[in-house]
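Student: Whatever this is, show me its structure:
(chains A, B, C and D, ligands or ions: 4)
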Amino acid sequence: MMFDDFQFSSILVSTIRNAPVLIFAAMAGLFAERSGVVDLALEGKMLAAAFVSAAVAFVTKNPWLGIMAGVGISATIALLQGFVSITQKGNQLVAGIALNIALSGLTFVVAQYFFQQGGRTPDLGEARLFDIVLPGSAAIASIPFIGWVYTRLIGGHSALVYLAFALIPVVHWVLYHTRFGLRLRAVGENPHAADAAGINVERTRFMAMLCAGVLCSFSGAYLSIVQSGFFLRDMSAGNGYLALTALVFGNWRPLHTALGCLMFGFFAALQVQIEGVVFPGIGKVPGSLIQMIPYVVTVIVLAGLMAKSVAPKAIGQPFVKSR
Amino acid sequence: ADLKFAVIYDAGGKFDKSFNQSASEGAERFKKETKLNYIEVQVASDTQTEQVLRNLARKKVDLIAAIGFAQAQAVQNIAKEFPATKFVLIDGIATGDNVSSVLFKEQEGSYLVGVAAAIASKSKKVGFVGGMDIPLIRNFACGYAQGAKATEPKIDVVQNMVGTTTAAWNDPAKGGELARAQFERGVDVIFAAAGGSGMGTLQAVKEKGKLGIGVDSNQNYMHPGSMLTSMVKRVDQAIYDSFMQLKNGNWKGGTQYKGLKEGGVDWALDKDNRAVVSADMEKRVNAAKQDIISGKVKVVDFREGNKCPV
Amino acid sequence: MQPAVEFQQISKRFGAVQANRDVSFSIAPGSIHGVIGENGAGKSTLMSILYGYYRADSGKLLINGAEQHIRNSQEAINLGIGMVHQHFMLVENMTVLDNVMLGTEGGFRLKPKRHEVEAKLREICQRYSLEVDPLATIQDLSVGVQQRVEILKQIYRSANILILDEPTAVLTVQETASLFEVLRLFKEQGKTIILITHKLQEIQEITDQVTVMRGGTVIGSVATKDTTTAQMAEMMVGRPIVTHLPRAAYAPGEMVLEVKDLNLINSQKVSLLKNVSFNIRAGEIVAIAGVSGNGQSELLEILSGMRLPTSGKLQMQGKDLPFAGRKDADGLPASFRDLGIAHVPEDRLRDAVVKNFSVMMNSFLGYQKKLGKSFGLLDYKSILKNCTDLLAKFDVRPADPHLRIALLSGGNQQKVVMAREIAANPKLMLVGQPTRGVDIGTIESLHTRLLAMRDAGIAILLVSVELEEVRALADRILVISGGAITGELKAEEFDATEIGCLMGGIHTH
Amino acid sequence: MNQADLPRWATAFALPLLNLFSALLVAAGVIYLLGESPIESLSILINAAVLNPEGLGYTLFYAATFIFTGLSVSVAMQAGLFNIGSEGQMYVGGLGLTLVLLWLDSSLPGWLLIPLAMLGAAVFGAAWAYLPGYLQAKRGSHVVVTTIMFNFIAASLMNYVIVSFLIPAGQQNTASRVFADASWLPKLNGILPVLGETPLNISFVLALVALVIYGLVVWRTTWGYQLRATGLNQHAAHYAGISISKTIIVTMMISGALAGLAAVNSVMGSTHYLNLNFPAGAGFIGIAIALMGRQHPVGILLSSILFGALIQGGFDLSLEKANIPPETFIFIQGLIILFCGAMENLYAPALSALLKRKEK
Ligand SMILES: Nc1ncnc2c1ncn2[C@@H]1O[C@H](COP(=O)(O)OP(=O)(O)OP(=O)(O)O)[C@@H](O)[C@H]1O
Ligand SMILES: Nc1ncnc2c1ncn2[C@@H]1O[C@H](COP(=O)(O)OP(=O)(O)OP(=O)(O)O)[C@@H](O)[C@H]1O
Ligand SMILES: [Mg+2]
Ligand SMILES: [Mg+2]
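Tutor: Ligands and ions are numbered 1, 2, ... in the order given. This is a model prediction of the structure:
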């Protein structure tokens, strides 16, 4: 394979497909962390939602019911996380990691118990969420560039992809232009000030956790009922941590964070494309080294372009009314 | 007393839809036919393997099947410690009179599905999705590429690996994504040798109306109509044979290499892919099979020189 | 008339500490009521109970004659109570506007109300002559302006009962004056104001009535016009306070610190220090007076090694201070300490103590290297002994070396820091705002210590925004404004008006 | 809700035990739902992990690795750094000792070879932690993020190195060749034959020594004091003349070295070759151990043993009870971390009320 085999169009489309998992999770994390709760449990919530979505979709033969069930379970876990981190004032990092470990085990055990397929759900078949074909695609498809843009780049994705991208401006709007957003930011930055202003800090944080739970569930549903068509143990494959990285990268701001997610999506797509490509002068780079690209780029970007990111000030600290 | 048997699966687990599962099917068939039970264990690390092997040997299990190359060293150690216990090791080599090592010539089976893929591909671009980047998987890829190129010299073989850690076997989302990315580059037939991740690949294949090739066990049933074929690796047969031999008293140690000739690997043709395989294709694939068996065609084993001729 | 606020037998306990014990007194509507008392007397606790932050263990609270159970700040706000806290309750990365709106946003969308509030804020600013840009971000504002924002918040919410907990601790004389203007306006409008402060002249200047607390109880409540600062001080502390401390004659010794043409330009290219030159001799106290934010903090940071200057020549006893060729100040304060420079920083909680360490562990912060024995092992036995001695000598209360230092009051923390730095036996002592937020009893003892050091021949650089403190301690006064020294006076030339002009950047000579 | 008004024995022992008990209660519920008897399961588990000497040997063998990774995470935490990269540092540390052994194992005697190999592990682990430390200190890049990235990078790099260079010709296993006997760590069953055939080796003793050294250094030395001051208040540390960037970089390197040493136990003590993915999550378990053990040597020791027991006992239990897959114990580990590590105050109010009532 030669260097010119490399297709930019394919990378773009692939980027769009890769990003939603991260966008949902990162936006979930954004709500939690802007309210002052570190959300290390994205991975766990994602897994639980992926499993429950797939299982319910399989049993009911309806992907939408699956997604709703996923929302339910992920929100429940988020509230449990809230109970530990907010009410019990426990260590938020521990709570997150504990939930990730527990859910990694539990999803397997439950899946195995019900389906007896080694922690897998059966294939969803028709209960998957299929790609949306935009109206008039057939007619436009043959026009050279526009056809590709309309049918492949913009069209031809599942409903969740559109939801993910629609979410970005919505989260931005909620965060900066609504009462809830204002309180959320205040509570994450200086809960004492918020409290003095008459705001119920714990309730606001719980609301934020609820948002995080709901958003994170889409990430899981996307994995299982859009991308794969079944649930498999540990299928979140580190995406929750990657989403957190995007959040740090984006300085806890929605638009920048989404950009971070797209960047990861892009480099993952790029990596797929350049695997096996013969570079002029260098030759063929081993696949295992190419696998590093997204991570090396992240480190370089963090170190070089965007040194010092500023976290919400009260992040990780339970709200206690004294010193 | 009854003979005692055991199967130890590696980290992939009994339900990996791949070679562990195949092993369990072989043991299951043996159990059905002989009513002799067997113990099943799954290990998570090499340390555990040794622990389990020793425990089973102490419990006077007569024949222990160890699935996967990762168990080779542990089998070697324990076989020495317990000369009276017999072992059958899949995909790896351990020495000793009480060890039977079974290796498969995956490259030969892969060659056949490569031939089929090259014939089936309209775009003359075929794809390969591997799980973890290890020599075993590269051997699949290499045999596949040899078959495809032998059939269609100008063909493009696009290869991707899911990852570099064991998580690579459990990432169907990435498996599916790799397939989609390959389709966008014009690929229309994909051979998935990626465990659980491969399930995602084959799903994507079905969804996009392309053709997929399964691996290890016959996976044609998963998506009838969009499965071109499967490269079967008869781990089940190896386990079944070994158990039977012990029962019949003709068990022997030593190393066996199982290729097409020995029936260790093959391509799958059944009702689920009958409609997809044309008569011409069937003829040409079977011809290639005969050529390999007869020695007329030699398929290179990637692992011998750590490189692929094509 | 009904009292605006009446406390009846209020008690509150934190673990072993009885913060308030049977506190009863009342506050007349439309009056300014002062509350004074030593650090830890229970003033803030009482006010926090009124504002719904804590709940009293027992006792009754009457607002305008009706008993109220205030469970949280929202309920206090609903009753028309507003509070300006000792530590500002502002969200630093948000605008003034958003801070004011917080908690009173109106509908779900912010936009409609934002315009309304902005207009109203501008109107309020005008009416009370408070200069604040509603769209500025809090962290860009000086403390004085942040204080104004707190007041603004309360005006906007039209609080009728306004609690101010040490509002002037960080304000300049001018800022305090303008705050008091606003308070008088409030009073004219019939609002009730509760003012906590450690500065008795302020009580004298503005309050109608004053309540004195000690050890969680009320000592007495008197009409301000019937009392003097000396009487109040005595009520607070339980003994007479000496305001003019004795000191030896001014006899400066050898040159200790020489600063020549010191310049500092920050990363935003703003010049923070401009050609600053001065020197300090052994046995003298040189005070840097100025409105805070005029470069004195940076000057202290440079002299203590916490920050690098852009240019300038700094010599300690004739030897250059060792920062030539350095890229950053990381670790530099250690070498400065080795040269005999001790430092009591302005922001003690941020810089001078580790809150989660015990008092003992804080008692050698900065001098840890000297304590290492073989293998760098710390000698806890002698550390404990030294610490116990220091606590006794400086009358730190409670004198428990194992207490987490965060649990000491600010004044007592300051004593620990001061004790530590003095014990290091320095040649030069840098002291920033040593008595900020500290009660007068403690001020007296801290000042006594500083003068004793001076008399013992130590060079002292004092940075203070309190002119009273400068007058009480300094042998020479340098006035700083806009990063430049605008004037120098001898102690006997002390003239508040002239210093005020110099601080404003106006040269009189 | 305040732990402060509880006596020390209550916060140090009663509360953790109550929490552990609660976690086990939830776990028992799950086991019951899976159709097995919780009590019987527990007794099998305890028997297999603690009472049976050979089982205990395995428990301590796993614990030895966890002590090192737990220490690695703890020491970084003391400086306020959340090192998620112990997994990768351990992995690369394994490469360090392997290179030493592949090079020298035929020529050097054990007493020289083993320390050299350990040095190799420590140096490689430290080197892998250096860059995240440097970037945090000098560029302010979040160490959490960089170490996660370095884990991924280590996985790819190690795959490349092992697959391309270390697999001996003609071998299938993705592992280096087996090291010469001289490098095999002495097993403790030499001294304590009752332990039977377990891989428990001197690295457990080394782990105990490391715990003591850690405790001494962090709480008794100037350097430890500076470390903790930096972790608790960087402004004050700067004021105190502590070089923040030096402390961060050195701490990260020590953390990495400890993670690297974690590789010694399994590679030189059990498998005797370097294989793909050998850390198997031990680095991540180290995070749980550091958090649960509150970065205190005794806490780290106890939680390491608890986790070792869960792995050993859980594995045996899953062999006996077909309905309980080994993954159940991953779930239980999570529960224990949740209850003991994050909900330490769950029973504090009740306990303090109980104690108060008694007083009266
Ligand atoms: N959150 C708390 N937890 C425990 N004890 C507290 C708490 N807040 C205050 N205290 C105790 O209550 C007492 C009174 O504290 P308070 O803050 O009311 O004093 P204060 O008069 O405001 O002092 P200062 O002049 O320093 O502001 C203190 O001695 C302290 O021991
Ligand atoms: N969490 C707490 N536990 C115990 N005591 C406390 C606590 N918080 C505050 N205190 C007590 O409060 C008293 C005074 O606290 P306060 O908050 O008024 O001090 P401060 O504001 O730091 O001091 P200053 O106003 O002089 O700077 C101290 O004696 C301290 O012991
Ligand atoms: Mg106070
Ligand atoms: Mg105070």
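
Student: The residue nearest the centre of chain B and ligand 2: what is the separation?
Tutor: Geometric centre of chain B, nearest residue: B:D216, 3.5 Å, by Cα atoms, centre = their mean. Relative to ligand 2, B:D216 is positioned 64 Å away (criterion: Cβ to the nearest ligand atom, to the nearest Å). Where you see a C-beta, it was placed from the backbone N, CA and C, and this is true even at glycine.

Student: For that residue, list each beta-bridge partner.
Tutor: With DSSP bridges as the criterion, B:D216 is bridged to B:V232.

Student: contacting residues around it?
Tutor: Taking Cβ atoms under 8 Å, 6 or more residues apart in numbering or on different chains, we find B:D216 in contact with B:K17, B:S18, B:F19, B:Q21, B:S22, B:A193, B:S230, B:M231, B:V232, B:K233, B:V235.

Student: Mind telling me what element C:I280 is part of?
Tutor: In this assignment (DSSP states H and E), C:I280 forms part of strand C:271-281.

Student: what does that strand contact?
Tutor: If you take Cβ under 8 Å, 6+ apart as the criterion, strand C:271-281 is touched by C:252-266, C:286, C:295, C:298-299, C:302, C:309, C:312, C:428, C:459-461, C:478, C:480, C:482-485, C:488.

Student: Next secondary structure after that strand?
Tutor: For strand C:271-281, the succeeding helix or strand toward the C-terminus, using DSSP H and E, is strand C:285-289.

Student: tell me the average confidence for that next one?
Tutor: Across strand C:285-289, pLDDT averages out at 96.

Student: before we move on, back to that, may I see the buried residues of the strand holding C:I280?
Tutor: For strand C:271-281, the neighbour count (16 or more other Cβ atoms under 10 Å in any protein chain shown) marks C:L272, C:L273, C:K274, C:V276, C:F278, C:I280, C:R281 as buried.

Student: so what strands line up beside that strand?
Tutor: Its sheet considered, strand C:271-281 pairs with strand C:255-265 (antiparallel) by DSSP bridges.

Student: And for the closest residue in space to B:G212 that isn't next to it in sequence, the neighbour number?
Tutor: Nearest non-adjacent residue to B:G212, counting by Cβ to Cβ, 6 or more residues apart in numbering or on different chains: B:V205, 3.6 Å away. Per other Cβ atoms under 10 Å in any protein chain shown, the neighbour tally for B:V205 reads 29.

Student: Equivalent analysis for D:A290, please.
Tutor: Neighbourhood size, D:A290 [other Cβ under 10 Å]: 30.

Student: do the same with D:N275
Tutor: Other residues lying near D:N275 total 22 when counted by other Cβ under 10 Å.

Student: Verify the stated contact: the residue nearest to B:G212 with B:I190.
Tutor: Yes: assessed by Cβ atoms under 8 Å, B:V205 is found in contact with B:I190 at 5.7 Å.

Student: any residues in contact with both of the two?
Tutor: Both B:V205 and B:I190 are contacted by B:A179, B:L211, B:G212, under the criterion Cβ under 8 Å, 6+ apart.

Student: Just the residues you listed: which are in strands?
Tutor: Among those, the residues falling in strands (DSSP state E) are B:L211, B:G212.

Student: Quick one: the shared contacts of B:V205 and B:I190 as TSV, columns for neighbour count, pLDDT and distance to ligand 1 too.
Tutor: Shown next, in TSV, are the shared contacts of B:V205 and B:I190 (neighbours: other Cβ atoms under 10 Å in any protein chain shown; pLDDT from 0 to 100; distance: Cβ to the nearest ligand atom, whole Å):
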residue	neighbour count	pLDDT	distance to ligand 1
B:A179	28	94	60
B:L211	26	97	71
B:G212	29	97	66
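
Student: Now whatever residue of chain B ends up closest to ligand 1. Nearest residue, chain neighbours left out?
Tutor: Closest residue of chain B to ligand 1, Cβ to the nearest ligand atom: B:A167 (47.2 Å). Nearest non-adjacent residue to B:A167, counting by Cβ to Cβ, 6+ apart: A:A237, 5.3 Å away.

Student: and chain B, which residues reach chain A?
Tutor: Proximity of chain B to chain A, by Cβ under 8 Å from any Cβ of the partner chain, involves residues B:13-16, B:133, B:156, B:158-161, B:163-164, B:167, B:170-178, B:180-181, B:184-185, B:196, B:199-200, B:203, B:207, B:222.

Student: Please apply the same query to the stretch 1-150 of chain C.
Tutor: Residues of the stretch 1-150 of chain C lying close to chain A by Cβ under 8 Å from any Cβ are C:14, C:51, C:53-54, C:72-74, C:76-77, C:83, C:85, C:87-94, C:98-99, C:101-103, C:105-111.

Student: Please pick the buried ones from the residues you listed.
Tutor: Buried members of the residues of the stretch 1-150 of chain C next to chain A, counted by 16+ other Cβ under 10 Å: C:14, C:51, C:53-54, C:72-74, C:76-77, C:83, C:85, C:88-94, C:98-99, C:101-103, C:105, C:110.

Student: now, which of the residues you listed lie close to ligand 1?
Tutor: C:F14 (Cβ under 6 Å from any ligand atom).

Student: Which of the buried ones among the residues of the stretch 1-150 of chain C next to chain A fall in strands?
Tutor: Filtering these for strands - DSSP E - leaves C:F14, C:M83.

Student: Out of the buried ones among the residues of the stretch 1-150 of chain C next to chain A, list just those in helices.
Tutor: Using DSSP state H, C:S73, C:Q74, C:A76, C:I77, C:D98, C:N99, C:M101 are the members of those that sit in helices.

Student: element containing the residue most central in space within chain D?
Tutor: Closest to where the C-alpha atoms of chain D average out (Cα atoms, centre = their mean) is D:F66, at 2.4 Å. Assigned by DSSP H and E, D:F66 belongs to helix D:53-78.
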